[in-house]
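Peer 1: Got a predicted structure plus its sequence, pasted below:
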Amino acid sequence: MTDTTLSTTSLPLFPIDPSGVDRHGEAALMRSLGPVVRAVLPGGVRMWVITDYALLAELSADPRVGRDWRNWEALRRGEIPDDWPLLGMIRLNNMMARDGAEHRRLRRPLTRAFTRNRVERMGPRIDQIVATMLDDLPRQADADGVVDLRRHYAYPFPMQVICELIGVPEAWWSKFRELIDTVIRADTTPEQFLASQAERHEMFQRLFAMRRAEPADDLTSALLAAGVEEGEEAFTDEELEDTLWTLIGAGHETSISLIVNATRALLTHPEQLAMVRENGTALWGEVVEETLRWDSPVGNFPARFPTADITVAGVTIPRGDAILAPWSGVNRDPRQYGESADRFDITRPVKRHLAFGTGPHVCIGPALARFEAMAALPPLFARYPQLRLAVDPAELQPVPSVFSNSVTGLPVHLGPRKN
């Protein structure tokens, strides 16, 4: 970060496309405008975008830049309407939207409850879920033998896993999927957004009542007990609701996109798939990490708010302005990955990426996302060795979202099944 400043008003406004139709092209265009870009989101909401990998990593760790939406001056001035759909990802009452001691208070119980050990204990159950869904895939084929792999595999699998971890009753899973979709999609109306927020509140209150009456071996029960057992301040119901809501949303949507994007990457890069097949299970970790870099599940993540004027690459970002983190964009930054940044290459020597963010607010669920991808991908390609896309890759439609980076469907031909 430098001390030579430019006038913020001299920078043009770049419109973020809510359809996500060419997310990587959009990111490249913003990079061409400079390391700091003024952008406008759906609804006319303005945010800053840091297009440089190293600068965004530095800014995410800067103690002067936090996640507490109470510091957003435009919101304080009443310029952001209460029914703006993206507020569902910003105006939360959990660790994602707190800084300093409050962030640590809310994150600490979750890190104790949401451990790698808890995820790994679900390993046999996860393998069982995967096997059942793979067995069922042929029955999901249409008259032309086409199966939507997103709808019938990548979509229900992580939702079932995260709901079982949290303790959500099976009868509620489909409703939670609908509510999450309402938040991440850019075509959600204000009326739909407000209705979804009311409905999710009612469902969580029912869940808390159930687990208070009958605790179980799940995250909801563990977090309801958190604080009481350690002598710390317990979660309020609002804090717990927003914490679990974020876990379901992030734990579900990120894994869907990771599984879909990895499958699509391999099916459109046959030389990479051949390399994976030749090496048995040895390269699947590289497939997951390169997918996280090359086609990150999260496109843009809102928002961070400076608590003082800061200067980034010669541009002053005023205190209380909002900053958008373009994770999928910076993960193809040529300044970080060289001229091959746009190429899917599982042999790439530089493995580091920002798919899960960085700094104090780094995502809490990377272990689960990686675990699910490693559980879902190798068995899929082993069970259906002739798996192939059923349409031209150009026909795949992006999820209409500022946040989610994936496609709405992944139609495939399974080919003969290998037992």
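Peer 2: Done, it's in.

Peer 1: center of the chain, which residue is that?
Peer 2: The centroid of the chain falls nearest to residue 254 when counting by C-alpha atoms, centre = their mean (3.9 Å).

Peer 1: wait, it sits on residue 365?
Peer 2: Yes: counting by C-beta atoms under 8 Å, residue 254 does reach residue 365; the two are 7.2 Å apart. Using the backbone N, CA and C atoms, a C-beta is placed for each residue, glycine as well.

Peer 1: How confident was the prediction at the nearest residue to residue 221 once chain neighbours are set aside?
Peer 2: Excluding the flanking residues, the one nearest residue 221 by C-beta to C-beta, 6 or more residues apart in numbering is residue 215, at 4.1 Å. Listed pLDDT for residue 215 reads 94.

Peer 1: what's the answer for the one 4 residues further on, then?
Peer 2: pLDDT, residue 219: 91.

Peer 1: now residue 7
Peer 2: For residue 7, pLDDT reads 46.

Peer 1: residue boundaries of the helices in the stretch 201-350 of the chain?
Peer 2: 219-225, 237-267, 270-278, 284-294, 327-330, 334-337 (DSSP state H, counting those that start in this stretch).

Peer 1: List the buried residues of the longest one.
Peer 2: Read that as helix 237-267. Within helix 237-267, the residues that qualify as buried are 239-267, counting by 16 or more other C-beta atoms under 10 Å.

Peer 1: low pLDDT regions in the stretch 301-419 of the chain?
Peer 2: 419 (pLDDT under 70).

Peer 1: ok, back up a step: nearest to residue 93, of the helices of the stretch 201-350 of the chain?
Peer 2: helix 237-267 (4.8 Å; C-beta to C-beta).

Peer 1: Off-centre distance for the closest one?
Peer 2: Centre-to-centre, helix 237-267 and its host chain are 5 Å apart (C-alpha atoms, centre = their mean, to the nearest Å).

Peer 1: which outside residues touch stretch 207-219?
Peer 2: With C-beta atoms under 8 Å, 6 or more residues apart in numbering as the test, stretch 207-219 has contacts from 113-114, 118, 164-169, 220-221, 224-225, 237, 240-241, 244, 247.

Peer 1: May I see the PyMOL selection of the buried members of those?
Peer 2: Selection of the buried residues among these in PyMOL, burial being defined by 16+ other C-beta under 10 Å:
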select buried, resi 113+114+118+164+165+166+167+168+220+221+224+225+240+241+244+247
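
Peer 1: so what's the residue nearest to residue 86 when sequence neighbours are not counted up against?
Peer 2: Sequence neighbours aside, residue 302 is the residue nearest to residue 86 in space, at 6.1 Å (criterion: C-beta to C-beta, 6+ apart). By C-beta under 8 Å, 6+ apart, the contact list for residue 302 reads 41, 47, 86, 89, 90, 322, 324, 325, 402, 403.

Peer 1: you'd agree the second one is in a strand?
Peer 2: This means residue 47. Yes: counting by DSSP: H, G, I helix; E, B strand; the rest coil, residue 47 is found in a strand.

Peer 1: May I ask you to confirm that it is in contact with residue 41?
Peer 2: Yes: shown here, residue 47 and residue 41 form a contact pair, counting by C-beta under 8 Å, at 6.1 Å.

Peer 1: Could you tell me which residues touch both of the two?
Peer 2: Joint contacts of residue 47 and residue 41 (C-beta under 8 Å, 6+ apart) are 302, 324.

Peer 1: And for the residue nearest to residue 221, the neighbour number?
Peer 2: Residues lying near residue 215 (other C-beta atoms under 10 Å) number 14.

Peer 1: Now do the contacts for residue 329.
Peer 2: 23, 24, 26, 27, 28, 30, 31, 49, 51, 299, 300.

Peer 1: Quick check, pLDDT for the last one.
Peer 2: This points to residue 300. 94.

Peer 1: residue boundaries of the strands in this structure?
Peer 2: For the chain, applying DSSP state E gives strands covering 13-15, 36-41, 45-50, 65-66, 146-148, 301-306, 310-312, 315-317, 323-325, 388-389, 411-413.

Peer 1: Which one of those strands lies nearest to residue 205?
Peer 2: strand 301-306 (26.7 Å).

Peer 1: buried ones in that closest one?
Peer 2: 301, 302, 303, 304, 305, 306.

Peer 1: With just CA atoms, put stretch 77-87 into PDB.
Peer 2: Taking Å, rounded to 0.1, in the frame of the first residue of the first chain, the C-alpha atoms of stretch 77-87 are listed here in PDB:
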ATOM      1  CA  ARG A  77     -27.200   6.900   6.200                       C
ATOM      2  CA  GLY A  78     -30.200   4.900   5.000                       C
ATOM      3  CA  GLU A  79     -28.900   4.600   1.400                       C
ATOM      4  CA  ILE A  80     -29.200   0.800   1.400                       C
ATOM      5  CA  PRO A  81     -32.800  -0.400   1.500                       C
ATOM      6  CA  ASP A  82     -33.700  -3.100   4.000                       C
ATOM      7  CA  ASP A  83     -35.000  -5.300   1.200                       C
ATOM      8  CA  TRP A  84     -31.800  -5.300  -0.800                       C
ATOM      9  CA  PRO A  85     -31.300  -9.000  -1.300                       C
ATOM     10  CA  LEU A  86     -27.500  -9.100  -0.800                       C
ATOM     11  CA  LEU A  87     -28.000  -7.700   2.700                       C
END
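
Peer 1: Sweet, I'm off.
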